[in-house]
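Asks: This is a predicted model, with the sequence first.
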Amino acid sequence: MRTSDYARILEGTAHLIELTGGNAFRAKAFDRAARTLRKYAGDLDALIERGEHVGMDGIGTALARDLVVIQQTGTLPLFEELRAQLPDGILELVQIQGLGPKKVKKLYDELAVGSLEELADAIESNAVSKLSGFGPRTQDNLARELERLQRQSGRTPLPRALEIAEPVVAFLRGLDSVEAAELAGSARRGRETVGDLDFIVAATDPEAVMQAFVTMPDVTEVLAHGPTKSNVMLLDAMSADIRVVAPDRYGSALHHFTGSKDHHVDLRSRAKARGLRICEYGVFNAADTDDSNPLASASETDVYAALGLPFIPPELREGGGELDRAGRGALPRLLELSDLRGDMHMHTTASDGRSSIEEMAKAAKALGYAYIVITDHSKSSVIANGLDEERLLRHMDAIDAVDAAMDGIRVLKGIEVDILRDGTLDLDHAVLDRLDFVVGSIHAGFRMDRATVTARLLRAIGTGKLHAIGHPTGRKLGSRDGYELDMEALIAGCLEHRVALEINASTGRLDLNDTHARMAAEAGVPIVINTDSHSAGGFTQMGFGVTIARRAWLGPEQVINTRPWDQVMAALGR
DNA sequence: GCCGTTTTCGGCCCGACTGTTTTCAGTCG
C-alpha cells in the first residue's frame, strides 16, 4: 500500500464521521493522523510492518491498530461501515468551498444530493435556495464554485503563484497608509504548490486599503469584503485573502496567517503550558481575556521571543519538530542563495539550449558564480539533439576555449548522460572519464514499475561514472507524476557510491521535493542544487531550489555547490 | 481518538465573515 492510500482512508473516515453526526473531535483525530502520514517521506508500509509507526504524531493505540488492519485488508471496517450509509459521491461535496459537513448533510437529508452532478441538478431546479439555512446567495456561490471546479482543479505550482502574487504585494506597498505588506500563507513557507494567496498589510487606514484591493485590475471577482478582511479571485486563477491590521499588530498577524496549521497547533500548546494565549492579535496572558494588551505583537521575532523561542524561518513552520529544535537552540543555519558558488547542470545550443556556452558563462559570472558546468544532453535524447561521443569531444574543446577566454569564472566540462532502460549509460565510459562532472538522468521509459526503475538507477550509480543523479524522480510539477521509486534504496546506493542527488530548481520540476531532499541529506547523501537552465535567463530559477533546500532543513555544508570548485570532489568523498 | 510541567479525565485554537436570520450557525483558515 502506498502512503497516500493509508492517508486517503483515514481522511475519508474523518469526513464520514462528521457527515454522520459523529464526534467532531474523533473526526479531527483521524484527520490529524492522515496529515502526519502524508508528511512521512519514508517507506510507510515497512514502518508499519516493523511496528514503528506507534508513537507518530496523533497516532495512539487505536489508530496504530487501524493502520495494521489497513495494511492487511486494504481498508478499515469503520470506513466501510460509514461509507455504506452514504453515496460515494458525497466525499466530493465536502471539497467544495462553502460546503462543510453540516450543509452537505442537509443537502443529502432533504434533497438526496449525494454527488457533484446531483448538486448541479438541485441548483438548476432552484431547490437549494429553498432549504432553511441556505438561500439565493448561497445557491449562487455554490453554482460558481461548481463551475470553477470544472474549469480548473487543485493547487497552483509555487512559481506561478508567485508570479500572480508579487505584483499585488508591490501594489499594496505603494498605497498611502500602508507601512508594510507581505505575502503570507503556504507561498511564504515555500510549499511547492499553493492553494490560495494570503496578503497581510499593516496600515493606518484599513478601509482605504481594502477598497483599493478589491478594485485592483487583476481582481475578477469579489467573494467577501469586510472592514479588515476580504477575499477575491485573481485573474480567474487563484483565490486571495487579505487582512489589514494596525502596524503594532503586524508581526502577530503575519505569523498567524503564515501558518502552518500544524505549527500553530504545536505553538498554542506550548503557549498554554506557559500560561499564555496566542492569536492573530498577539501573545497574551491566558487570564487576560481582552486583546488590548499584548505581551508581543509587533514583529514575528517578538512573538517567538515571548514563547521563549528564537525566530523560526517560515520554511520550517510545518509542525515537523521545529519547536523542539528551536527550544533547544538547535535550529540549523539554513542555506541562502548567496551561499551558492556554482551551477552544475545546464544546456547550450549544442543540444536543446537557446544560449551559447559564452552567453551562459557571462550570465553566470554576472550573478557572481565562481564556476559552471556545461551539461548538454547525450545522444539517446534525439529530440533534444543530444551529443554522441564525437560531437561531445568537439564540444569539450569549445568549452575549454570559452574557459580560457573568461576571467573570474571557471567553465567546466560535463554532460547530462541518459540512463538507458537497462541502467547502462548512453556514452562510452572512456569519454565520460575525461569530463569534470557527469549528471545521470532518466528521460525515457517512465512506465516502469518501482522495482525496475530502482534497479535501473542503482545500476547506473554502480558504474562509478556518475557524480550526480539529475531530477531524480522525473516528475513534472502539475503535469506528470514521475516514476515510482524506492527512495530509501536510491539513497543507500548514492551513499555507497558517493553520488549526489540533485534538487532540480527549474520551475517545471522542483525535483527532488522537500521531503525527499530532507530524507537524503539526513542520511548523509550530498545534495547539489541546479537550475537545468536552457537559456542564460534560466539561472533566476535557483531561488526555488534554495527554497526546497530550506524546507528540507539543509545548511550550506550539505550542498556541494556551496564549495569552491577544487573542493567539490572532496565534498563528494572522492 | 489523542494527550498530559494542568490533567489518566476532560479538554481539544479562535476570530472574521457570510447569509440567513431577527440573534446566530456554519465555514474557513
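Replies: In hand now; what should we look at?
Asks: In chain A, what helix or strand scores lowest on average pLDDT?
Replies: The weakest-scoring helix or strand in chain A, judged by mean pLDDT, DSSP states H and E, is helix A:136-151 (a mean of 82).
Asks: contacting residues for the closest residue to DNA strand B within the stretch 101-250 of chain A?
Replies: Per CB to the nearest atom of the strand, residue A:135 is where the stretch 101-250 of chain A lies closest to DNA strand B, at 1.7 Å. For glycine as for every other residue, the C-beta is placed from the backbone atoms N, C-alpha and C. Contact partners of residue A:135, counting by CB atoms under 8 Å, 6 or more residues apart in numbering, are residue A:129.
Asks: State the pLDDT value of it.
Replies: On the pLDDT scale, residue A:135 is placed at 86.
Asks: Domain parsing of chain A, as residue ranges.
Replies: Using automatic domain parsing, the domain parsing of chain A gives A:3-151, A:157-327, A:337-571.
Asks: out of those, deepest packed?
Replies: domain A:337-571 (a mean of 20; mean count of other CB atoms under 10 Å).
Asks: Excluding covalently adjacent residues, which one is nearest to residue A:333?
Replies: Counting by CB to CB, 6 or more residues apart in numbering, residue A:555 is the residue found nearest to residue A:333 once chain neighbours are left out, at 5.2 Å.
Asks: again with residue A:310
Replies: residue A:326 (5.7 Å).
Asks: name the helices or strands packed onto the helix or strand containing that neighbour?
Replies: Per DSSP states H and E, residue A:326 falls inside helix A:322-327. Secondary-structure packing of helix A:322-327 (3 or more CB pairs under 8 Å, 6 or more residues apart in numbering; DSSP states H and E): helix A:261-273.
Asks: what packs against the helix it packs on?
Replies: Going by 3+ CB pairs under 8 Å, 6+ apart, helix A:261-273 lies up against strand A:276-279, helix A:322-327.
Asks: quick revisit: restrict the helix holding residue A:326 to CA atoms and write it as CSV.
Replies: Extracted in CSV, the C-alpha atoms of helix A:322-327 (Å, rounded to 0.1, in the frame of the first residue of the first chain):
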residue,chain,number,x,y,z
GLU,A,322,10.8,22.7,14.6
LEU,A,323,9.6,23.8,18.0
ASP,A,324,11.6,21.2,19.9
ARG,A,325,14.7,22.1,18.0
ALA,A,326,14.2,25.8,18.3
GLY,A,327,13.5,25.4,22.0
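Asks: Touching, residue A:386 and residue A:377? I think so.
Replies: Yes: counting by CB atoms under 8 Å, residue A:386 touches residue A:377, with 3.8 Å between them.
Asks: so what's in contact with these two at the same time?
Replies: In contact with both residue A:386 and residue A:377: A:351, A:418, using CB under 8 Å, 6+ apart.
Asks: coming back round to it: could you point out which element follows the helix holding residue A:326?
Replies: Heading C-terminal from helix A:322-327, the first helix or strand you meet, by DSSP H and E, is strand A:342-343.
Asks: Could you list every helix and strand that that following strand packs against?
Replies: Taking 3+ CB pairs under 8 Å, 6+ apart as the contact cut, strand A:342-343 packs with strand A:371-377.
Asks: redo that, cut-off 10 Å
Replies: helix A:357-366, strand A:371-377, strand A:527-530 (3 or more CB pairs under 10 Å, 6 or more residues apart in numbering; DSSP states H and E).
Asks: Let me have these in TSV, extended by mean pLDDT and distance to residue A:345.
Replies: Putting the helices and strands packed on strand A:342-343 into TSV (pLDDT from 0 to 100; distance: least, CB to CB, whole Å) gives the following:
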stretch	mean pLDDT	distance to residue A:345
helix A:357-366	97	12
strand A:371-377	97	5
strand A:527-530	98	3
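Asks: residue contacts, the residue of chain A most remote from its centre?
Replies: In chain A, the residue that sits farthest from the middle, by CA atoms, centre = their mean, is residue A:130; the gap is 41.6 Å. Residues near residue A:130 by CB atoms under 10 Å, 6 or more residues apart in numbering: A:110, A:111, A:122, A:136, A:139.
Asks: And residue A:298, by the same measure?
Replies: Counting by CB under 10 Å, 6+ apart, residue A:298 has contacts A:202, A:246, A:247, A:248, A:249, A:250, A:251, A:252, A:282.
Asks: A strand includes it, no?
Replies: No: assigned with DSSP: H, G, I helix; E, B strand; the rest coil, residue A:298 falls outside any strand and is coil.
Asks: For it, give me phi and psi.
Replies: Per-residue torsions, residue A:298: phi -70, psi -40 (degrees, to the nearest 10).
Asks: same question, residue A:507
Replies: phi -60, psi -20.
Asks: I'd assumed residue A:477 was in contact with it.
Replies: Yes: between residue A:507 and residue A:477 a contact is recorded at 7.4 Å, counting by CB atoms under 10 Å.
Asks: pretty sure residue A:96 is touching residue A:150, no?
Replies: No: at 11.8 Å, residue A:96 does not count as touching residue A:150 under the criterion of CB under 10 Å.
Asks: Quick check: neighbours shared by these two?
Replies: Counting by CB under 10 Å, 6+ apart, the residues touching both residue A:96 and residue A:150 are residue A:116.
Asks: which residues does residue A:183 form a beta bridge with?
Replies: residue A:199 (DSSP bridges).
Asks: what residues are up against it?
Replies: Residue A:183 is in contact with A:161-162, A:165-166, A:168-169, A:172, A:194, A:197-200, A:240, A:254, A:257-258, counting by CB under 10 Å, 6+ apart.
Asks: same deal with residue A:27?
Replies: A:13, A:14, A:15, A:16, A:17, A:18, A:19, A:20, A:101.
Asks: Filter those residues down to the ones in helices?
Replies: Those of those mapping onto helices are A:13, A:14, A:15, A:16, A:17, A:18, A:19, A:101, per DSSP state H.
Asks: Please list which of those residues also come close to DNA strand B.
Replies: The overlap between these and the neighbours of DNA strand B (CB under 7 Å from any atom of the strand) comes to residue A:101.
Asks: which one of the ones in helices among the contacts of residue A:27 sits closest to DNA strand B?
Replies: Nearest to DNA strand B among the ones in helices among the contacts of residue A:27 is residue A:101, at 5.2 Å by CB to the nearest atom of the strand.
Asks: quick one: pLDDT of that closest one?
Replies: Residue A:101 is given a pLDDT of 87.
Asks: Quickly note the distance from the residue nearest to residue A:355 when sequence neighbours are not counted to residue A:361.
Replies: Once flanking residues are discounted, residue A:355 sits nearest to residue A:536: 4.3 Å by CB to CB, 6+ apart. Going from residue A:536 to residue A:361 by CB to CB, to the nearest Å gives 9 Å.
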